[in-house]
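Asks: dropping the sequence and predicted coords here.
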Amino acid sequence: QVQLVESGGGLVQPGESLRLSCAGSGFFTLDDYAVGWFRQAPGKGREGVSCIEGDIGTTFYEDSVKGRFTISIGNDKNTVFLQMNSLKPEDTGVYYCATDFGRSCNNYSEEFDFWGQGTQVTVSS
């Protein structure tokens, strides 16, 4: 069964860090594709956060997370990480990874349609 599984969420205080993982399973390996991270805050729509083009390693970040978040692919070529530093309360939400099994991050916020189940991140003092 092809699936994406997120993990690593939790409750942290402002300024702290978390590392989220997105593991692929089934017949594919994530470094063949573009993979995005998204989040959905309470009462809001889902928004793109970051994306990586697995075959060439190009990365993209939304302005709200630039300089604080880093997306990368693990040495196993099948896990995509989102390192989140200097977390803020407004980073709170359910974080999802997704892909469309293509190689490009163009329009990833609108086009990616294969999702994991999400992991909760709460930033609160």
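Replies: Noted; the coordinates are in hand.
Asks: which helix or strand contains residue 110?
Replies: helix 108-111 (DSSP states H and E).
Asks: other SSEs contacting that helix?
Replies: strand 34-40, strand 46-53 (3 or more CB pairs under 8 Å, 6 or more residues apart in numbering; DSSP states H and E). (Each C-beta comes from the backbone N, C-alpha and C, glycine too.)
Asks: those: which one's closest to residue 113?
Replies: strand 34-40 (10.8 Å; CB to CB).
Asks: show residues contacting the closest one.
Replies: Here strand 34-40 makes contact (CB atoms under 8 Å, 6 or more residues apart in numbering) with 20, 22, 46-54, 71, 80, 82, 91, 93-100, 102-105, 108-109, 112, 118, 121.
Asks: related to what we said a few turns ago, deepest of the helices and strands packed on helix 108-111, which one?
Replies: Ranked by mean neighbour count under mean count of other CB atoms under 10 Å, the helices and strands packed on helix 108-111 are led by strand 34-40, which reaches a mean of 24.
Asks: that one relative to strand 46-53, how many degrees between them?
Replies: Per axes from the mean of the first three to the mean of the last three CA atoms, to 10 degrees, the angle that strand 34-40 makes with strand 46-53 is 160 degrees.
Asks: I'd like the next helix or strand past the helix holding residue 110.
Replies: In N-to-C order, the element after helix 108-111 by DSSP H and E is strand 114-115.
Asks: quick one: contacts of that following strand?
Replies: Against strand 114-115 from outside (CB under 8 Å, 6+ apart): 2, 4, 96-101.
Asks: what do you get if the cut-off is 10 Å, keeping everything else the same?
Replies: Residues outside strand 114-115 that contact it (CB atoms under 10 Å, 6 or more residues apart in numbering): 2-4, 6, 33, 35-36, 38, 46, 96-101.
Asks: helix or strand right after that strand?
Replies: strand 119-123.
Asks: so which bits of that following strand are buried?
Replies: Of all the residues in strand 119-123, those buried under the rule 16 or more other CB atoms under 10 Å are 119, 121-123.
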